[in-house]
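**Q** After the sequence you'll find the predicted model.
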Amino acid sequence: MDERLVPGVDDVLLVVDVQNDFCPGGALAVADGDAVVAVINRLAGMFAHLIQTQDWHPEGHRSFASAHPGRQPFETIEAPYGAQTLWPDHCVQGTRGAEFHPALDLPGAELIIRKGFRADIDSYSAFYENDRKTATGLGGYLRDRGFARVFICGLATDYCVHYSAVDASQDGFAAIVLIDACRAIDLDGSLAEAMEHMEGAGVAFVTSGDIG
Ligand code: VGL
Ligand code: ZN
């Protein structure tokens, strides 16, 4: 984008899953995942409204490979709602891994939306769980508050950021991904696929330098 994007009162910054388990040393570490923290802290100062998501699984969650005897992390299974990647145990409710990165500094966050708490359904998107039907309530919340544009950043680009951005767009919001404030897992080309899917859904991409 050649025009600068100045966040206004109708805009919200959605900070996705910046949790210890997705950062180096965590159970499902994203390469360089903690590099987003400083970028997001700086961005946060430019937005009047901040919302965070927190991946929040019960022990034994069905997205964990450990819940499927003989299965390994990063394999894919057929869940009742479709294909589901199996993950290492991560972001278990109440554990240190599920806490936000300690340097993430967002005291002004107005809502923290937890997702993935239903034992049998995973939820990548902040809007709809992986059955693509069960709503988290975020769409209604954003509409009730009158927000028009959702700026999205965090972890991981190809999973939770990806599905959140597509759903934001399909739910009628302008969806803008801050690409340098995201990092990807990139499993078997998942990043390239995610970028295509987001583009097709009308998601815009900018860098943090375009803001403010
Ligand atoms: C995520 C895989 C499993 C994410 C969450 O935040 O992108 N990815 N759970
Ligand atoms: Zn998860």
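**A** Great, that's in hand. Residues are numbered from 1 along each chain as shown. Ligands and ions are numbered 1, 2, ... in the order given.

**Q** For the top strand by length along the chain, C-alpha coordinates in CSV please.
**A** For the chain, the strand reaching the highest residue count under DSSP state E is reported as strand 174-183. Coordinates of the C-alpha atoms in strand 174-183 are reproduced here as CSV (Å, rounded to 0.1, in the frame of the first residue of the first chain):
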residue,chain,number,x,y,z
ALA,A,174,-12.0,-5.2,6.3
ALA,A,175,-9.3,-7.6,7.2
ILE,A,176,-5.7,-6.4,7.1
VAL,A,177,-2.8,-8.6,8.1
LEU,A,178,0.4,-7.0,9.5
ILE,A,179,2.8,-9.4,7.9
ASP,A,180,6.0,-8.4,9.7
ALA,A,181,4.1,-8.8,13.0
CYS,A,182,3.4,-12.5,12.2
ARG,A,183,5.5,-15.7,12.0
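
**Q** Now the element after it, going C-ward?
**A** Scanning forward in sequence from strand 174-183, with DSSP states H and E defining helices and strands, the next element found is helix 190-200.

**Q** For that next one, give me every contacting residue.
**A** Applying CB atoms under 8 Å, 6 or more residues apart in numbering, the contact partners of helix 190-200 are Thr157, Asp158, Tyr159, His162, Ala165, Val166, Ala175, Val177, Ala184, Ile185, Phe205. Just so you know, the C-beta spots here come from the backbone N, C-alpha and C atoms, and that holds for glycine as well.

**Q** switch to 10 Å and redo it
**A** Outside helix 190-200, the residues within contact range by CB atoms under 10 Å, 6 or more residues apart in numbering are 85, 152, 156-159, 161-166, 169, 175, 177, 179, 183-187, 203-205.

**Q** In its sheet, which strands sit next to the next helix or strand after that helix, and in what direction?
**A** Beyond helix 190-200 on the C-terminal side, the first helix or strand identified by DSSP H and E is strand 204-206. In the sheet, strand 204-206 lines up against strand 174-183 (parallel) (DSSP bridges).

**Q** Is there any residue in the strand it pairs with that contacts ligand 1?
**A** No: applying CB under 6 Å from any ligand atom, one finds strand 174-183 out of contact with ligand 1, separated by at least 9.7 Å.

**Q** That strand: how far from the chain's middle?
**A** Strand 174-183 has its average C-alpha position 10 Å from the chain's average C-alpha position, going by CA atoms, centre = their mean, to the nearest Å.
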